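Trainee: Structure for this input, please:
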Amino acid sequence: MNRNILFAPLVLFIILVAVFATQLTKNAEGDDPTKLESVLVGKSVPDFQLQDLFQENKTYDQRLFEGKPLLLNVWATWCPTCYAEHQFLNKLSSQGVNIIGLNYKDDREKAKKWLRELGDPYQVVLFDGSGMFGLDLGVYGAPETFLIDANGKIRYRHVGDVNSDNWNKTLLPLYNQLAGQNSPLKPISVGGAQ
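Mentor: The predicted model follows:
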């Protein structure tokens, strides 16, 4: 029997492993795993009607996202990474960054307690207990953050926590560009000082 025939399955296996490994490590966006392309980038926020987390009789729709650039931060109390990013969101809010919260597939009372104890960086918190609005946004899980322009169009999607590194390198320049401010927001250092 020919030795080459015996080694053919092994060679084929090695080639397949190499191809699969390359595809698994290859990111469609380059080397940034936190940038997950969305079919909604460049489009308006999908239609919705959701209750305010704190005031169940108050509802909001997509008009909430018109008038000024802002971040839509998807979070939940069951999400450990959301806990890790929360202090940084409080810093952003204190610097004048407009943030809307989307409490995603969560318990309303736990979410209220979380914000009372850890601080509330949000101008408004939408309650998406069923996760249907998150589904419309293409949310995979929490946290995710969307940068939305003054016309209610999604301009960028960030998967994972917002921290000083990705804020300063990616989100801040985009936010300042959309805001068109005469005195743009400045980077935030790891220690939190400007």
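
Trainee: Now the nearest residue in space to Asn151 that is not next to it in sequence: phi and psi?
Mentor: Using CB to CB, 6 or more residues apart in numbering and skipping residues adjacent in sequence, the residue nearest Asn151 is Glu66, 6.5 Å away. Where you see a C-beta, it was placed from the backbone N, CA and C, and this is true even at glycine. For Glu66, the backbone dihedrals are phi -110, psi 150 (criterion: degrees, to the nearest 10).

Trainee: Wait, Leu70 touches Gly101, no?
Mentor: No. At 10.7 Å, Leu70 does not count as touching Gly101 under the criterion of CB atoms under 8 Å.

Trainee: you'd agree the residue nearest to Asn151 is up against Lys153?
Mentor: No. Using CB under 8 Å, Glu66 is not in contact with Lys153, being 9.7 Å away.

Trainee: Ile154 in helix, strand or coil?
Mentor: strand (DSSP: H, G, I helix; E, B strand; the rest coil).

Trainee: returning to that earlier point: residues in contact with the residue nearest to Asn151?
Mentor: Counting by CB atoms under 8 Å, 6 or more residues apart in numbering, Glu66 touches Ala150, Asn151, Gly152.

Trainee: okay, the first one: pLDDT?
Mentor: The model reports Ala150 with a pLDDT of 94.

Trainee: what about it, distance to His86?
Mentor: 26 Å (CB to CB, to the nearest Å).

Trainee: what's next to the helix or strand encompassing Glu109, contact-wise?
Mentor: Per DSSP states H and E, Glu109 falls inside helix 108-118. For helix 108-118, the surrounding residues in contact (CB under 8 Å, 6+ apart) are 53-54, 76-77, 83, 86-87, 90, 103, 122, 125, 127, 129.

Trainee: ranges for the strands of this structure?
Mentor: Residue ranges of the strands in the chain, as given by DSSP state E, are 49-52, 59-61, 70-75, 99-104, 124-128, 144-148, 154-159.

Trainee: Next, format these as CSV and append distance to Lys112 and mean neighbour count.
Mentor: As requested, the strands of the chain are exported to CSV (distance: least, CB to CB, whole Å; neighbours: other CB atoms under 10 Å):
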stretch, distance to Lys112, mean neighbour count
strand 49-52, 11, 16
strand 59-61, 17, 14
strand 70-75, 13, 25
strand 99-104, 9, 24
strand 124-128, 9, 22
strand 144-148, 21, 24
strand 154-159, 25, 19
